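Visitor: okay, sequence plus prediction incoming.
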Amino acid sequence: MVQPMHHCCTESDAEIKLDNRKAFYTVTVESMYVDQRISIGPGSPLAIGNIIPLGEAPKA
């Protein structure tokens with residue numbers, strides 16, 4: 001789930017909180033929003049905010 005970073009100086013950074021209570025920080029993309037649910041890993045659907053392995057990224 002996407003959470004805003006309270007100590008950050010730009011609007012393009014966010015804290016991602018995982019279901020297992022771990023978290024990491026990332027740069028957000030346009031159209032992401034607070035409390036957005038995202039999918040991470042192989043087989044994740046291609047959607048804004050989801051994180052997929054580079055090898056699964058579509059070729060332009």
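Guide: The structure has been received and is ready for your questions.

Visitor: and the residue nearest the centre of this protein?
Guide: Geometric centre of the chain, nearest residue: residue 49, 4.6 Å, by Cα atoms, centre = their mean.

Visitor: confirm that that residue sits in a helix.
Guide: No. If the criterion is DSSP: H, G, I helix; E, B strand; the rest coil, then residue 49 is coil and not within a helix.

Visitor: any idea how far residue 16 is from residue 60?
Guide: For residue 16, the distance to residue 60 equals 26 Å [Cβ to Cβ, to the nearest Å]. C-beta: built from backbone N, CA, C; applies to glycine.

Visitor: more neighbours: which of the two?
Guide: Set residue 16 next to residue 60 and count neighbours by other Cβ atoms under 10 Å: residue 16 wins out with 18 against 3.

Visitor: who's in contact with residue 56?
Guide: residue 42 (Cβ atoms under 8 Å, 6 or more residues apart in numbering).

Visitor: gap between it and residue 41?
Guide: As for residue 56, its distance to residue 41 is 10 Å (criterion: Cβ to Cβ).

Visitor: and for residue 16?
Guide: 13 Å.

Visitor: output the below-cut-off pLDDT ranges for the protein.
Guide: Residues of the chain meeting the criterion pLDDT under 70: 1-11.

Visitor: please enumerate the strands of this structure.
Guide: Ranges of strands in the chain, per DSSP state E, are 2-4, 13-17, 23-27.

Visitor: now residue 27: closest residue in space that isn't a chain neighbour?
Guide: On the basis of Cβ to Cβ, 6 or more residues apart in numbering, the spatially nearest residue to residue 27 that is not a chain neighbour turns out to be residue 12, at 5.5 Å.
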